[in-house]
Structures are given as structure tokens and as C-alpha cells.
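Engineer: need a 3D model of the following:
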Amino acid sequence: MKPNIFTLATKELSQDGFFTWLLQWADNSNRQFDLQLNETAKDFIRLLIGQTNDYQITKVEAGRQWNNIDIWAKINDEYFIGIEDKTNTGEHSDQLERYKQIATDHYKDKNYKLVFVYLKTGNESSAKLKKIIEKGYSIIDRKAVLSILNKREVHNEIFNDFKEYLNAIENQTNSYTKFENITSNWKAGEGFFIKLQELIHEWTDWGYVPNQMGGFLGFWYHWTGTDKIGEIYIQIENAFEYGIKLVIKIADWEPSTETLYELLNEFKPYAEKNGISIVKPDKYRAGTTSTLAIIENAFTVDNEGNLEIDKFINTLKALEKTIDEYCAEYNKSCNIV
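Structural biologist: Model (predicted):
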């Protein structure tokens, strides 16, 4: 692959610059310089404001860092677009609510339609994106951006470098089908978790989990409560070169290694009944959250090195059932309904 400026300029400010530059290209005065780039920029704006192809765009103003809003644009003196632009980080400190309120106050008497966009070219959990939608922002993700950038041939080095850069991220993310990629490439690891969120029909979340060993990419779901011993849930821990494992976790409890040993012995018959084998971790550590058990042979691959994801989903269902049955029986024995 030839040198690409965006593989070196990976910060959000560089991406802010590209998208602001692309928005400015949509103004009609720029058709004379590059018709294809102008049309692509207009398609991008239609995507942002949710308009169809017959919506005519003639006048565009765009810039960066207006009242800390990453990117802003005014379209046809009709729309104001406020964009929070993210690569691999997420939103924080109620910034989205503040930016939206600033723009709303500023334009309250100016007869503009206000559009607020969370533009995300990296990967992010659907649980976190749902919260952003609830704040009044539309999500424009990498797939949506690429649907515009890949639409027509544009002869511009800046444009094509960014398009190639995003396509490379997309390809890495989708490479999770090969098991070795999941444990060697961060984007593939994220892609695996994104796929799981599509396949598991209950609340799930994932993200980076720091710890003294260097942290891991984690996926967690199926929280099941017991009033006396805390919350039990399922977690996948991908430490990449140190391996990936499927575990049962416990939280909101009174930490005790003795309790962990007792629970492991109580869990084993339920696990065996559902066709899975569980073992203790190398060493029990009683903390705010602790690993109760590791599921053996959770990840299987075919002859071509592909993760057998259907079998893994079946393992997850068996683990869900194991936890449900144990907790139901435990609560029943404690006269908890």
C-alpha cells in the first residue's frame, strides 16, 4: 500500500479537517473545479440531514470548533449541522448535551432547522450508541460514510487517501471470521464483538477494560441477580497475545475466595447438565468483580481457521441457561421470588 497521510495523521483533528474540507466542496461555486467531488460532497450532506437525492444544495458554509463543536455547517441558509466527530474515543462529560444546547440557544430566532450528528469512523458498542441517539443525535458510522465515498470515482489525492484509510479499517474489522485475527488485531477483535451484538438478543456492551496486566478488550452481558451473593454475568476477555477466554463473573458481592470455591462446586452440575465444562482460573482473586469460572473449549475453529461462530453462540446459550437455572434454584432455596 502506498504511503497514506491518514495512517500517520490519526488524531480526531485530522479527521475534523477532512470532513470540513469535504463539506466546503459541496458549495455550488466549487463545481467548476471538480464536479465529481462536488457531487460526492453534496451526497454526504444529504446523508447528514436525512434528505433525498432530489434535495438541491447550492450554498454551503462549514468550519471547525465553533463553541467547541468539532464541525459545523450551514446549508442553503436553511440547515445548521453540528457534528461531534469521533475516531476511537467516545463521548464524555455531557459534552453532547452542552453542544446541542449552545446551538439551540444561538439559532432559536434564526429560522434554521438544526441537525446534530455523531460521526463515528471507529468502532463502538451499540449500547453506547443507543444512549447517544437518546440525546437527540443521529449516528453516522463508517459504513454510511463509505457508502458515499465509494459511490463514484473521484480524482483527488486527499479524498482517495481518506477513502482508502477508512476501507482498510472496515476490512480489518470484518476480518474477525479468522480466529487468529481476533486474537492478533484490535479491529478484528472489535468486529467480533460487534457481530455478537447483532446475534445476541438482549442487552450487551463491550469496551476496553484496564488492569495491572495491561488490560483487555471485554464483552459482557446476561446479568442475573441473587440477593445474597450478588450479580452473576457472562464476560469474554480478549487479551490478544495472552489469549481469549469466556468466563463467568460475579459482582456486587462480599468478596471472599471461600465463596468462589463454594459457588464453583455448586455451578458444576448445572454446567455439565447443559453440556459445558467449567474450571477455576489459575488463581482466585476476590475483588469488586471476580472471575468465578472459565469455560473450557469455548472457541472452536474449522479446518480453514475460521471461528465456528454458530457453535460459539450455542455455547453462550448453554451458559446463559446454566446461570439462569442455578440462580433460580438458589433464589428458590432462599425463599426469594
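
Engineer: sketch out the low-pLDDT regions of the stretch 51-200 of the chain for me.
Structural biologist: 93 (pLDDT under 70).

Engineer: go again with 80.
Structural biologist: For the stretch 51-200 of the chain, the stretches flagged by pLDDT under 80 are 90-93.

Engineer: can you tell me the centre-most residue of this protein?
Structural biologist: Closest residue to the average C-alpha location of the chain: residue 124 at 1.5 Å, with CA atoms, centre = their mean.

Engineer: and the spatially closest residue to residue 292 that is not a sequence neighbour, how many residues sit next to it?
Structural biologist: In this structure, residue 292 finds its nearest non-sequential neighbour in residue 248, 4.5 Å apart by CB to CB, 6 or more residues apart in numbering. For the C-beta atoms, the positions are set from N, CA and C on the backbone; glycine is no exception. The burial metric for residue 248, expressed as a neighbour count using other CB atoms under 10 Å, is 24.

Engineer: check the gap between residue 248 and residue 69 for me.
Structural biologist: According to CB to CB, to the nearest Å, residue 248 stands 44 Å off from residue 69.

Engineer: circling back to that earlier point, and the residue nearest to the centre of the chain, backbone torsions?
Structural biologist: The main-chain torsion angles of residue 124 are listed as degrees, to the nearest 10 and equal phi -150, psi 150.

Engineer: list the contacts of it.
Structural biologist: Going by CB atoms under 8 Å, 6 or more residues apart in numbering, residue 124 touches 86, 90.

Engineer: next, count neighbours for residue 2.
Structural biologist: When counting by other CB under 10 Å, one arrives at 5 neighbours for residue 2.

Engineer: for it, helix, strand, or coil?
Structural biologist: Of the three states, residue 2 takes coil under DSSP: H, G, I helix; E, B strand; the rest coil.

Engineer: contact partners for the closest residue to residue 18 other than its chain neighbours?
Structural biologist: Distances taken as CB to CB, 6+ apart put residue 162 closest to residue 18, at 5.1 Å, once the chain neighbours are dropped. Going by CB under 8 Å, 6+ apart, residue 162 touches 6, 18, 149.

Engineer: the helix or strand harbouring residue 162: what's the following helix or strand?
Structural biologist: Element membership for residue 162 (DSSP states H and E) is helix 157-173. For helix 157-173, the following helix or strand on the C-terminal side (DSSP H and E) is helix 179-182.

Engineer: hmm, back to that, how much space is there between the residue nearest to residue 18 and residue 220?
Structural biologist: The span separating residue 162 from residue 220 equals 34 Å under the rule CB to CB.

Engineer: report the buried residues of the longest helix along the chain.
Structural biologist: Secondary structure assigned by DSSP state H gives helix 309-333 as the longest helix of the chain. Neighbour-count burial for helix 309-333, with 16 or more other CB atoms under 10 Å as criterion, is recorded at 309, 312, 315-316, 318-323, 325-327, 330-331.

Engineer: just stretch 238-249 next, same as before
Structural biologist: For stretch 238-249, the buried set under the neighbour-count rule, 16+ other CB under 10 Å, comprises 238-240, 244-249.

Engineer: just these: which are in strands?
Structural biologist: Cross-referencing the buried residues of stretch 238-249 against strands under DSSP state E gives 238, 244-249.

Engineer: I'd like these as TSV, with pLDDT and distance to residue 173 appended.
Structural biologist: Listed next are these as TSV, based on pLDDT from 0 to 100; distance: CB to CB, whole Å:
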residue	pLDDT	distance to residue 173
238	97	14
244	97	17
245	97	22
246	98	21
247	98	24
248	98	28
249	97	26
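
Engineer: identify the farthest-apart pair in these.
Structural biologist: Of all pairs drawn from those, the widest gap by CB to CB lies between 238 and 248 and measures 16.4 Å.

Engineer: still on that earlier bit, pipe the ones in strands among the buried residues of stretch 238-249 into a markdown table and attach distance to residue 10 per row.
Structural biologist: As requested, those are arranged in a markdown table below (distance: CB to CB, whole Å):
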| residue | distance to residue 10 |
| --- | --- |
| 238 | 22 |
| 244 | 26 |
| 245 | 30 |
| 246 | 32 |
| 247 | 32 |
| 248 | 37 |
| 249 | 33 |
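
Engineer: show me which of the residues you listed is closest to residue 116.
Structural biologist: Compare each of these with residue 116 using CB to CB and the shortest gap goes to residue 238, at 33.1 Å.

Engineer: buried set for stretch 218-230?
Structural biologist: Taking 16+ other CB under 10 Å as the neighbour-count basis, stretch 218-230 is seen to contain the buried residues 218-222, 224, 226, 229-230.

Engineer: avg pLDDT for that stretch?
Structural biologist: Mean pLDDT, stretch 218-230: 89.

Engineer: before we move on, what about stretch 24-34?
Structural biologist: Here the average pLDDT along stretch 24-34 is 97.
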